[in-house]
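1. make a model of this:
(chains A, B, C and D)
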Protein chains: 2
Amino acid sequence: MKSNYSAQRELIYRVLASTTSHPTAEWVWEKCREQMPNISKATVYRDLAGLVASGRAIEVSGTFGSSRFDARVQQHNHMVCSVCGAVEDSFPSAELRLALEHEAQEKGYTGYGLTFGGVCENCRKKQNGALAQQ
Amino acid sequence: MKSNYSAQRELIYRVLASTTSHPTAEWVWEKCREQMPNISKATVYRDLAGLVASGRAIEVSGTFGSSRFDARVQQHNHMVCSVCGAVEDSFPSAELRLALEHEAQEKGYTGYGLTFGGVCENCRKKQNGALAQQ
DNA sequence: AAAAAATTGAGAATAATTCCTATTTTCGTT
DNA sequence: AACGAAAATAGGAATTATTCTCAATTTTTT
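-> Predicted coordinates for the structure are as follows:
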């Protein structure tokens, strides 16, 4: 039975769960080292990614390798394909846009970025193909 | 009069504005080189940042140096301070949360990340202090 | 056209993250 | 409680993304 246990993984989770400060991987590593002096940085990165993949943690405003730019500054949202990383535009319903603007105004924020996760059409096709072959 | 002009800056903007593909800085650089073979990568990074700063472009789902993690996986949003980069939690109104979930379901998305931009309390205090001194 | 200011190119430097692989740990089986 | 296969780790090298430095060039002002 695959239990996925290791002392490192548990420590990393405990450290992350002990704070609400949205720490970086580096910070988690430093904290972990206080209790396990030669835990490797690679392990921290690997296990944090695993926690995210398994839904036990989230990555705030995920980066996808490099920054992406867009000259169309009118407000619109994005969808990042969780399979291939492609970024697509996503245009919100009027209802959603109003709710977002209302929230921002109410709380004194100056702007927002909304990024949905999903699977792009290309990858969806491939997945269906793969499923059909099994 | 500061016109902020340079042939490189204009080319970089034209290249960015010519696509809807949310390119990386690297991609913009490659495209620019087709027309200006020894434009420097540093210039592209610098000028893209300038375009973002001046509102002529946006950075999709902004990264702030390093990835940030959070073990509290219940849905909540974030606010990134545009002055110091601090990440705070932001809890949406019921209205907004419903609108977001509705949109995601409607479009077949699997999740979303909403990050507001703003100025955290700390920096707001400092700004006010700075203003008062002028 | 000269002086001043702003911007650039090129590569070095830094930062963040991933890769490599020999070694160690885990865990079901004996 | 030892065995062995599979999974995970440490540590450092490698890679990737981005920023920095500064002399040279371009643009703007005079």
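2. who's residue A:115 bridged to?
-> residue A:78, residue B:113 (DSSP bridges).
3. quick one: low-confidence ranges for chain A?
-> Low-confidence segments of chain A, defined by pLDDT under 70: A:1-3, A:61-67, A:71, A:73, A:129-134.
4. all strands of it, in order?
-> A:58-60, A:68-70, A:77-81, A:87-90, A:111-118 (DSSP state E).
5. give me the residues contacting the last one.
-> For strand A:111-118, the external contacting residues (C-beta atoms under 8 Å, 6 or more residues apart in numbering or on different chains) are A:61-62, A:77-82, A:90, A:92, A:100, A:104, B:60-62, B:100, B:103-104, B:107-118. In short, each C-beta sits where N, CA and C put it, glycine included.
6. same question, the first one
-> With contact meaning C-beta under 8 Å, 6+ apart, strand A:58-60 is reached by A:22, A:52, B:67-70, B:72-73, B:78, B:87, B:113, B:115.
7. can you select the buried ones from those residues in ChimeraX?
-> Remark: buried members of the contacts of strand A:58-60, expressed as a ChimeraX selection using 16 or more other C-beta atoms under 10 Å in any protein chain shown:
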select /A:22,52 /B:67,68,69,70,78,87,113,115
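8. of the contacts of strand A:58-60, closest to DNA strand C?
-> For these, the minimum distance to DNA strand C (C-beta to the nearest atom of the strand) is 3.6 Å, reached by residue B:67.
9. nearest residue to residue A:50 other than its sequence neighbours?
-> Using C-beta to C-beta, 6 or more residues apart in numbering or on different chains and skipping residues adjacent in sequence, the residue nearest residue A:50 is residue A:9, 7.3 Å away.
10. ok, that neighbour - how many residues close by?
-> By other C-beta atoms under 10 Å in any protein chain shown, 18 other residues sit near residue A:9.
11. ok, it to chain B distance?
-> As judged by C-beta to the nearest C-beta, to the nearest Å, residue A:9 and chain B stand 13 Å apart.
12. I figured that residue was touching residue A:47, is that so?
-> Yes: in this structure, residue A:9 is within contact of residue A:47 by C-beta atoms under 8 Å, at 5.0 Å.
13. got a markdown table for the strands of chain A, with distance to DNA strand C too?
-> Formatted as a markdown table, these follow (distance: least, C-beta to the nearest atom of the strand, whole Å):
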| stretch | distance to DNA strand C |
| --- | --- |
| strand A:58-60 | 9 |
| strand A:68-70 | 15 |
| strand A:77-81 | 15 |
| strand A:87-90 | 17 |
| strand A:111-118 | 16 |
